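[1] Quick one: sequence plus predicted model below, questions after.
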Amino acid sequence: MMMLSLNTMLPYVALSVLIIGLFFIRSRKILTLLMGIPILVAFTYGVINPMGLLSIGIFWGLCELHWCHPSTKEWLNSIRLLFIVIIALGFANHFIPGFHNLRVFTDLRVSELSSPFTMYLNFDKTIAAVILAVASGVLLKQTSPFGRKSLAETLKISVLCVALLIPVAVLSGYIILDPKLPETFWFWAFNNLIFVCFAEEIIFRGVIQNHLMQVARRYQISPFIPILVTSMLFGTVLLGHLHGGPAYIAFATISGLFYGYAYHTTNRLEAAILVHFIVNLSHFLLFSYPMAATMAANLMK
């Protein structure tokens, strides 16, 4: 693990504080103003260069245009949203220029049975998700509280997802039993919750699934269809999934069904984020991560 100074981490700390605020601050105007803080800090410390700043500004403007000034023509709104989603996926897959994401681990092996992996703190993907959350107001529109009932449903879905996926992954040889608590755990958990689970659930469940659900209600289509379509996109359009091979794409697609169902049943994005995190946490702590060393060797042949 590289040595991390306060200056190095400051842009990511500022972004993390803003993300926590998204779930408590109920004013869109205040959130819009606060959103400028981590962007300014990231620009000051070189995480974003002028091209990245321009990319953020254009994306922010498109999102504001779509959600604050919708067209009376539904087809135009759909085209706008499609364009926004494509750009958001560009941020998520690091295709948008102008960002210098912090590489924390390089070829790290958390155990002898695990394959090596490299981990970044991805400012680009996460700031895009924050912009989507603020512009769309998806968190502000949540009306049902995330109370005991939602938490119980979240835990139940998490257990079901782990109980289904883990045995299949073990039988396939993709992972093997490997309980551990490495010293890098807390940093991994921070990154996974804030910069992976939050960002991906905002993009896929908060924006894509939400829109498809609206279409499904309009045409009286089963809500399972939007959940399925979103899960298939989730499994296939993120490059990190593709690097894991066909098995990982299948696991990501199936797990996406559970994340989407958690959001649908609770109407809270916190549920999807927590199910996503609990599944990843179970994988990291109890099994070879991200895959068995033998499986990684086979994929490289």
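    Great, that's in hand.

[2] Quick one: residues in contact with the lengthiest helix in the chain.
    Ranked by number of residues, the top helix in the chain under DSSP state H is helix 148-171. With contact meaning C-beta atoms under 8 Å, 6 or more residues apart in numbering, helix 148-171 is reached by 144, 175-177, 247, 251, 254-255, 258, 261-262, 265-266, 268, 270-271, 274-275, 278-279, 282-283, 286-287. Just so you know, the C-beta spots here come from the backbone N, C-alpha and C atoms, and that holds for glycine as well.

[3] Stretch 204-217 too?
    The contact list for stretch 204-217 (C-beta under 8 Å, 6+ apart) reads 81, 84-85, 88, 132-133, 136, 138-139, 221-223, 225-227, 229-230, 233-234, 256, 259-260, 263-264, 269, 272.

[4] Just the buried subset of the residues you listed, written out for ChimeraX, thanks.
    Of these, the buried ones go into a single ChimeraX selection, burial set by 16 or more other C-beta atoms under 10 Å:
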select :81,84,85,88,132,133,136,138,139,223,226,227,230,233,234,256,259,260,263,264,269,272
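
[5] Tell me where the stretch 201-301 of the chain has helices.
    Ranges of helices within the stretch 201-301 of the chain are 210-218, 224-236, 239-243, 245-266, 269-286, 293-300, based on DSSP state H, counting those that start in this stretch.

[6] Turn those into a markdown table, including mean pLDDT and distance to residue 151.
    Output for the helices of the stretch 201-301 of the chain, formatted as a markdown table (pLDDT from 0 to 100; distance: least, C-beta to C-beta, whole Å):
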| stretch | mean pLDDT | distance to residue 151 |
| --- | --- | --- |
| helix 210-218 | 95 | 22 |
| helix 224-236 | 98 | 21 |
| helix 239-243 | 86 | 28 |
| helix 245-266 | 96 | 9 |
| helix 269-286 | 98 | 8 |
| helix 293-300 | 77 | 34 |
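
[7] Mean confidence (pLDDT) on stretch 19-34, please.
    The pLDDT scores in stretch 19-34 average 96.

[8] ok, and what's touching it?
    Under C-beta under 8 Å, 6+ apart, the answer for stretch 19-34 is 18, 126, 130, 133-134, 137, 139-140, 194, 198, 270.

[9] Counting by contacts, list what whichever helix or strand residue 76 is part of packs against.
    Using DSSP states H and E, the element containing residue 76 is helix 74-92. Using 3 or more C-beta pairs under 8 Å, 6 or more residues apart in numbering; DSSP states H and E as the contact test, the elements touching helix 74-92 are helix 50-68, helix 123-136.

[10] Could you give the separation of it from the chain centroid?
    17 Å (C-alpha atoms, centre = their mean, to the nearest Å).

[11] quick one, that helix and helix 224-236 angle?
    30 degrees (axes from the mean of the first three to the mean of the last three C-alpha atoms, to 10 degrees).

[12] hmm, who's touching the helix or strand following helix 74-92?
    Using DSSP H and E, the next helix or strand after helix 74-92 towards the C-terminus is strand 102-108. Applying C-beta under 8 Å, 6+ apart, the contact partners of strand 102-108 are 1-2, 4, 8-9, 12, 47, 116-121, 123, 184, 187, 191.

[13] And these, which of them are buried?
    Neighbour-count burial (16+ other C-beta under 10 Å) applied to the contacts of strand 102-108 gives 8, 12, 47, 117, 119-121, 123, 184, 187, 191.

[14] would you list those in JSON lines and tack on distance to residue 169 and secondary structure?
    As requested, those are exported to JSON lines (distance: C-beta to C-beta, whole Å; DSSP: H, G, I helix; E, B strand; the rest coil):
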{"residue": "8", "distance to residue 169": "35", "secondary structure": "helix"}
{"residue": "12", "distance to residue 169": "30", "secondary structure": "helix"}
{"residue": "47", "distance to residue 169": "34", "secondary structure": "coil"}
{"residue": "117", "distance to residue 169": "16", "secondary structure": "strand"}
{"residue": "119", "distance to residue 169": "20", "secondary structure": "strand"}
{"residue": "120", "distance to residue 169": "24", "secondary structure": "strand"}
{"residue": "121", "distance to residue 169": "26", "secondary structure": "strand"}
{"residue": "123", "distance to residue 169": "30", "secondary structure": "helix"}
{"residue": "184", "distance to residue 169": "22", "secondary structure": "coil"}
{"residue": "187", "distance to residue 169": "24", "secondary structure": "helix"}
{"residue": "191", "distance to residue 169": "22", "secondary structure": "helix"}
